[in-house]
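[1] Structure of the sequence below:
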Amino acid sequence: MIDFRGLAQKYDTPLYIYDFNHITQQYEKLKKAFSARKSLISYAVKANSNLSVISHLAQQGSGADCVSIGEVKRALMAGVPKYKIIFSGVGKRDDEIEEALKSDILLLNLESEAEMERVEQIARKLDMQARISIRVNPNIDPKTHPYISTGLHENKFGVDIETAKRMYIHANHSDYLDPIGIHFHIGSQLTELDPIREASMIVADLVRSLAAINIEIKFFDVGGGLGIVYDNETTIDPYEYAQAILATLYGLDMTVICEPGRFLVGNAGYFLTRVLYEKVNEGKRFIIVDGAMNDLLRPSLYNAYHKVEVVGKENGGSEADVVGPVCESGDFFAKKRLLPPTEHDDLIVVHSTGAYGFVMASNYNTRPRPAEIAIVEGKDRCIRQRETLDDLIRLEKMCL
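    Numbering: from 1, shown residues only. Below you'll find the model as predicted:
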C-alpha cells in the first residue's frame, strides 16, 4: 500500500506518484507474450518521458519509440541502446532528421512520400544510408476515442497500401535508403482484438507481396495502443494479443516490435491533490482541490474518466464535482461522483495517471508543475522536483 498521507507531508501536493514495481510487471507480461518469436518491446516515451521511468524500462531490456528528437535524446540519456530506438512522427524537421541519422538509431519511421524525399536528400548530403520503416494506414476503425484514433484514412497518420508499395520500391532502388521495417498503429486505449488482428493481416499481406519482388522486411512494428482499466473496461489479454498478431505472420521471418506506452505506465500512476474547501451552489456540490487541469489534462481534454478516492474515507455519500482553481469551467477531475464529506487538508487520489499525465501538464495560470515521485521496492524517491516561479520565468526577458 502507498502511504499517500506520508508522501503528501514529505513532498506537498499536487503530486505525481509512480509504482515502478507495477511497470516492471506490465513489461514482463508483454515480453513473455511475444517470447515465441524474435521481438523488441519499445516503450512509447510520449506516455511518460521522465528520465527515471525510461531508465527503469531500459534496465528491463526495453527499447524506445520516440516522436521528437527530444525524446530520442531522452532515451539515449536514460541508457536505451541506440539500436533499440525508433524515431516516429508525422512531421520531422530537417535538423531532427539529420541528428537522428547521425545518432545511428535503429530506424526512422516515415509517414509520407514527401518525408521520404527529405530523408533521402539529407542522407545523400551526409553520404549515409538511412534505415527506414514506412507507416501503413490500414483503414481500420479501432473503436476508440476519435482524438486517439489513428488507423483510418481520415486521420493524418501513415499512407495507404498502394502508396506504401510505391515508397518501398523507390527506397529499395535508392543508394541512400534502406527499407528494413514496416509499421502500423491504429489507435490508443484499444479494448477490442478484432481491429488489431485485421490490421495486422492487411500489413502482413503487404510484406508478403513485397517479398515477392525481393524487398525483404526485417522488422514488423505493430505499434502500441493496448488499453488499460480506468473504470470497468474489458481489456485485451497480452497473450491473446500476441497470438492474434503472430498468427498473421505465417511464412515470414521478422522481428516483431511492439510499442506500448499506457499499458506499461498508466495504472502505475497516482495524482495526489489536497482539498482546499467545499462549496455548494443551489444544491450543486463542488470539492475544490489544489490540483488543476494544467496538472492533469485528460478529464478536460477527452472527458476522460479517472477513479477518484478520498484518502482514508469510504466512497459514497453525496454527488460532487472535483474541481481545481484554474479560471476555466473545464477545470475538473471528476463530475457527479458519490463522495464522502471532505474537510480542508483532506487528500484526494486520482488513479491511473501514469500515462499522459505529467507529460501533458503546463504552466497555465503561472502554476508550477508538480513533483514526480517513484516508489521502488517500497521506498520513495523524488525523480523530478516541484517547479518554482523562478523556473517558470527563467527564460523570459522584460523589454523596458
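
[2] Tell me how many other residues crowd the closest residue to residue 357 other than its chain neighbours.
    Closest residue to residue 357 apart from its sequence neighbours, by Cβ to Cβ, 6 or more residues apart in numbering: residue 296 at 5.4 Å. C-beta: built from backbone N, CA, C; applies to glycine. When neighbours are counted by other Cβ atoms under 10 Å, residue 296 registers 27.

[3] State the three-state secondary structure for residue 296.
    Secondary structure assignment for residue 296 (DSSP: H, G, I helix; E, B strand; the rest coil): coil.

[4] what do you get for residue 32?
    With three-state DSSP as the basis, residue 32 sits in helix.

[5] wait, what's in contact with it?
    Each residue near residue 32 by Cβ atoms under 8 Å, 6 or more residues apart in numbering is listed here: 238, 239.

[6] in the chain, what spans have low per-residue confidence?
    For the chain, residues meeting the criterion pLDDT under 70 lie at 141-156.

[7] repeat that for 50
    144-152 (pLDDT under 50).

[8] in it, which spans are helices?
    Assigned by DSSP state H, the chain shows helices spanning 4-11, 20-33, 51-60, 69-77, 94-103, 113-126, 161-172, 193-211, 238-246, 262-265, 298-302, 389-393.

[9] ok so, going back, from residue 57, how far off is the residue nearest to residue 357?
    Separation of residue 296 from residue 57 (Cβ to Cβ, to the nearest Å) stands at 22 Å.

[10] Kindly report the same for residue 158.
    Plainly put, residue 158 is 26 Å away from residue 57 if you go by Cβ to Cβ.

[11] about what we covered before: wait, doesn't the residue nearest to residue 357 sit right on residue 333?
    Yes - counting by Cβ atoms under 8 Å, residue 333 is a contact partner of residue 296 at 6.6 Å.

[12] shared neighbours of those two, which are they?
    Residues touching both residue 296 and residue 333 (Cβ under 8 Å, 6+ apart): 271, 306, 350.

[13] Cross those against strands and list the overlap.
    Under the assignment DSSP state E, the shared contacts of residue 296 and residue 333 contribute 271, 350 to strands.

[14] Just put the shared contacts of residue 296 and residue 333 in JSON lines and tack on distance to residue 200.
    Output for the shared contacts of residue 296 and residue 333, formatted as JSON lines (distance: Cβ to Cβ, whole Å):
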{"residue": "271", "distance to residue 200": "34"}
{"residue": "306", "distance to residue 200": "31"}
{"residue": "350", "distance to residue 200": "34"}
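
[15] tell me the contacts of the residue nearest the centre of the chain?
    In the chain, the C-alpha nearest the mean C-alpha coordinate belongs to residue 47, at 2.6 Å (Cα atoms, centre = their mean). Residue 47 makes contacts with 261, 262, 264, 265, 266, 354, 355, 356, 359, as judged by Cβ under 8 Å, 6+ apart.

[16] Just the buried residues of these.
    The neighbour-count criterion (16 or more other Cβ atoms under 10 Å) marks 261, 262, 264, 265, 266, 354, 355, 356 among the contacts of residue 47 as buried.

[17] Pick out whichever of the residues you listed sits closest to residue 16.
    residue 354 (8.1 Å; Cβ to Cβ).

[18] List the residues that contact that closest one.
    So residue 354 contacts 18, 23, 47, 48, 265, 266, 267, 268, 269, 270 (Cβ under 8 Å, 6+ apart).

[19] And for residue 176, the neighbour number?
    Neighbours around residue 176, by other Cβ under 10 Å: 18.

[20] nope, residue 390 is what I meant
    Neighbourhood size, residue 390 [other Cβ under 10 Å]: 8.

[21] Residue 125 now?
    Residue 125 - counted by other Cβ under 10 Å - has 12 other residues nearby.
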